[in-house]
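J.: structure for this input, please:
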Amino acid sequence: MEKGVKLDSATLKAEINSAVFRGDAETLDVLLKYHKFKVTSLQVKTAVKKGKIDVIKTILDYLPRLHPNSRDYKEFSECIIDAVLNNSSQILQLLIQKNFDVNACLKNLSALKWAEIFEYKDIEHLLTESGSHSFFEDQSETISVFNSVLNINQRNDHMIRRLLEIGHDVNDASDGTPPFYTTMRLRRYDLMHEILLCGADPYMQPETWKYFLIRQETAENWRLMLHVFVRANASLSIDTKMTLLQYICDRGASHLFRKDDLILLIVLSAHTITENDKILLREYRHKWSDNLKSKIDDYFQKPLTLQIMCRNSIRKQFGQNLHRFIQINRDNLPTKFVSFLECSDVLELFFTDHDRKKFDTQ
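T.: Numbers count the residues shown, from 1 in each chain. Next up, the predicted model:
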């Protein structure tokens, strides 16, 4: 971008936004230096989320020190929260120097409260030294930390993993809804898998469970969810609650494409087939295709191999702690054995390599 080139306002704004998004500090400096343009809060927020220090320094060089009475003070100060959530003390320091509000709030929590929740000690120290306070914006509101993070409108994987790392309760239903159901509502199957591995209980609230099952809607969503359940070794067996098998067999899931595959996947991967399971399967047998009837009959009439019996026993013993057992003993376990324990042979019957990559990188 040369000094003599004149750009109209819309083009200039688009060029600046593009430079910020790309992390191109040099182009950004030229644009801001030779064109009269007021830096926007969105551009600063984008730069902070991208985390490129040189870009942030450049854009802040052209931003006057903020005044608490300015019209857009609150909008700019939301960037403080982004710096805290990304655990970037260097960026936070730059924003503080420009007088961004260190008591900015998100989801009813102050910046310092968020730092305390995530146990970001450097951030806590920096905010405290700058006059920040730890508080709830609305004292009457009860929050679940997990749900608050899940509902943040940005990529939040690293925040969820941080909460898991420091041992936050994955079944915290302080606001009335366990986090597992929030992942169902948002259809964040990747995060559903993460919290299942750390002990989330899918069946804590049977009516809530049923409510969000109905709202999975498409066969693709069901495939994603079943893939997660099998990998996490979450219970697929029948008891007194509304389970996946019961729902799929029921007419409530009649809209699902390839429902036979979903039923067969659950039967083949379940470590326990109870009498209630068998009763349910017999009850809905008349609705199945001949192909599914044949495969289910074949499964129950032929004796299980010793390998499968051992796998079922191990998966039943460890439940959702299976992954932890594998991680601890991975160096001492043959790769094929680990793959077998994770039911890879069953998943391969229903999911392609392309499917599995999509699940892992959702």
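J.: residue 29 against residue 59, yeah?
T.: No: counting by CB atoms under 8 Å, no contact exists between residue 29 and residue 59, whose distance comes to 9.1 Å. (Glycine included, C-beta is placed from N, CA and C.)
J.: so for the two, which residue has more residues nearby?
T.: For residue 29 versus residue 59, neighbours defined as other CB atoms under 10 Å are more numerous around residue 59 (25 against 19).
J.: which parts of the stretch 51-200 of the chain are strands?
T.: Along the stretch 51-200 of the chain, counting by DSSP state E, counting those that start in this stretch, strands occupy 105-106, 109-110.
J.: go through those strands and pick out the most buried.
T.: Ranked by average neighbour count under the criterion mean count of other CB atoms under 10 Å, these are headed by strand 109-110 at a mean of 22.
J.: measure residue 167 to residue 119 for me?
T.: Distance of residue 167 to residue 119, given as CB to CB, to the nearest Å: 10 Å.
J.: these two: which is more packed in?
T.: With other CB under 10 Å as the criterion, residue 167 and residue 119 differ in neighbour count, and residue 119 comes out ahead with 15 against 9.
J.: what's the closest non-adjacent residue to that one?
T.: With sequence-adjacent residues excluded and distances taken as CB to CB, 6 or more residues apart in numbering, residue 119 is closest to residue 166, at 5.3 Å.
J.: find me the pLDDT at that neighbour, would you?
T.: For residue 166, the model assigns a pLDDT of 93.
J.: state whether it and residue 120 are indeed in contact, as I suppose.
T.: No: checked against CB under 8 Å, the pair residue 166 and residue 120 is beyond contact range at 10.1 Å.
J.: pretty sure residue 208 is touching residue 181, no?
T.: Yes: the pair residue 208 / residue 181 is scored as a contact, 5.2 Å apart, by CB under 8 Å.
J.: and the two? which has more neighbours close in?
T.: A side-by-side neighbour count of residue 208 and residue 181, using other CB under 10 Å, places residue 181 first with 22 against 18.
J.: how many other residues sit next to residue 112?
T.: Residue 112 has 24 nearby residues by other CB under 10 Å.
J.: could you shift the numbering so residue one becomes 106, and keep it that way?
T.: In the new count, where the first residue is 106, that last one comes out as residue 217.
J.: for it, which residues are in contact?
T.: With contacts taken as CB atoms under 8 Å, 6 or more residues apart in numbering, residue 217 has the following neighbours: 207, 208, 229, 232, 233, 237, 238, 239, 240.
J.: list the beta-bridge partners for the residue lying closest to the last one once chain neighbours are set aside.
T.: Think residue 240. Distances taken as CB to CB, 6+ apart place residue 215 nearest to residue 240, at 4.9 Å, with adjacent residues excluded. Partner residues in beta bridges with residue 215: residue 210, with DSSP bridges as the criterion.
J.: is residue 215 in contact with residue 237, as I believe?
T.: Yes: using CB under 8 Å, residue 215 makes contact with residue 237 at a distance of 7.0 Å.
J.: which neighbours do the two share?
T.: Listed contacts common to residue 215 and residue 237 are residue 208; contacts here mean CB under 8 Å, 6+ apart.
J.: quick check, residue 400 in a helix?
T.: Yes: using DSSP: H, G, I helix; E, B strand; the rest coil, the secondary structure at residue 400 is a helix.
J.: that one contacts residue 366, correct?
T.: No: taking contact to mean CB under 8 Å, the distance of 10.1 Å between residue 400 and residue 366 leaves them out of contact.
J.: mind listing what the residue positioned nearest the centre of the chain touches?
T.: The C-alpha lying nearest the average C-alpha coordinate of the chain belongs to residue 296 (CA atoms, centre = their mean; 3.3 Å). Applying CB under 8 Å, 6+ apart, one finds that residue 296 lies in contact with 255, 261, 262, 265, 288.
J.: may I see these organised as CSV, with neighbour count and distance to residue 460 added?
T.: Converted to CSV, the contacts of residue 296 look like this (neighbours: other CB atoms under 10 Å; distance: CB to CB, whole Å):
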residue, neighbour count, distance to residue 460
255, 20, 24
261, 18, 24
262, 12, 20
265, 23, 23
288, 27, 19
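J.: in helices only, show me the residues you listed.
T.: The helices, defined by DSSP state H, take in 255, 262, 265, 288 from the contacts of residue 296.
J.: which two among those residues are spaced furthest apart?
T.: Of all pairs drawn from those, the one with the longest distance (CB to CB) is 262 and 288, at 11.8 Å.
J.: per the annotation, how does this structure divide into domains?
T.: Structural domains assigned to the chain are 114-235, 246-320, 334-466, following the TED database.
J.: need these in JSON lines with distance to residue 326, can you?
T.: Output for the domains of the chain, formatted as JSON lines (distance: least, CB to CB, whole Å):
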{"stretch": "domain 114-235", "distance to residue 326": "26"}
{"stretch": "domain 246-320", "distance to residue 326": "6"}
{"stretch": "domain 334-466", "distance to residue 326": "10"}
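J.: tell me how many other residues surround residue 415.
T.: Counted with other CB under 10 Å, the burial measure for residue 415 works out to 13 neighbours.
J.: kindly report the same for the one 10 residues further on.
T.: Residue 425: 19 surrounding residues under other CB under 10 Å.
J.: also residue 439?
T.: As a burial measure, the neighbour count of residue 439 was computed by other CB under 10 Å and equals 8.
J.: over to the one 4 residues further on?
T.: Here the number of neighbours of residue 443 (other CB under 10 Å) works out to 14.
J.: same deal with residue 366?
T.: By the criterion of other CB under 10 Å, residue 366 has 18 neighbours.
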